[in-house]
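Peer 1: Mind looking at a prediction? Sequence and model below.
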Amino acid sequence: MPVQVIIKRKLIIEKPEKIFPLFSELHSQAIQQPGYIGRVTLKNIDKPQEYMVISSWETADDWRTWFQSKKRRDIQGRVDSLIGERTHYSIYKTVTY
């Protein structure tokens, strides 16, 4: 069952444009991973330093494999060191009722 991963970051840095190449690198690596479907990136209108990515995966295990990969962890470590705080992740599945 497909899952959506919500990724939240606050970009409280003087030059946020420095971080965008790292986001592109994360995306370039993610699209090569088994189970990756796609993503959308959102910027909070009222709090422009807040960003949210909704990343879609075929299964939670596909996401977890990518999440635990050395490539992702290395790039993410550089992101977190630039923004000065951790990135937050939550996995969701579609509910029908």
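Peer 2: Okay, I see it. Residues are numbered from 1 along each chain as shown.
Peer 1: Counting by contacts, list what the particular helix or strand that has I91 in it packs against.
Peer 2: When elements are assigned from DSSP states H and E, I91 belongs to strand 88-93. Other elements packing on strand 88-93 under the criterion 3 or more Cβ pairs under 8 Å, 6 or more residues apart in numbering; DSSP states H and E are strand 3-10, helix 60-68. All C-beta atoms are positioned from the backbone trio N, CA, C, and that covers glycine.
Peer 1: Strands along the chain, start to end?
Peer 2: Shown for the chain, the strands assigned by DSSP state E span residues 3-10, 36-43, 50-57, 88-93.
Peer 1: between the first one and helix 60-68, how big is the angle?
Peer 2: It stands for strand 3-10. Regarding strand 3-10 and helix 60-68, their directions subtend 30 degrees when assessed with axes from the mean of the first three to the mean of the last three Cα atoms, to 10 degrees.
Peer 1: Pull out the buried positions in strand 3-10.
Peer 2: Residues of strand 3-10 classed as buried under the neighbour-count rule (16 or more other Cβ atoms under 10 Å) are 3-5, 7, 9-10.
Peer 1: about what we covered before: between the helices and strands packed on strand 88-93, which gets nearest to S90?
Peer 2: Using Cβ to Cβ as the measure, strand 3-10 is the one of these that comes nearest S90, at 4.6 Å.
Peer 1: Who are the contact partners of the closest residue to V79 other than its chain neighbours?
Peer 2: On the basis of Cβ to Cβ, 6 or more residues apart in numbering, the spatially nearest residue to V79 that is not a chain neighbour turns out to be L22, at 5.1 Å. With contacts defined as Cβ atoms under 8 Å, 6 or more residues apart in numbering, the neighbours of L22 are 75, 78-79, 82.
Peer 1: Quick check: longest helix in this protein by residues?
Peer 2: Longest among the helix segments of the chain by residue count, using DSSP state H, is helix 70-83.
Peer 1: now the contacts of L22: which count as buried?
Peer 2: With burial judged by 16+ other Cβ under 10 Å, the buried subset of the contacts of L22 is 75, 79.
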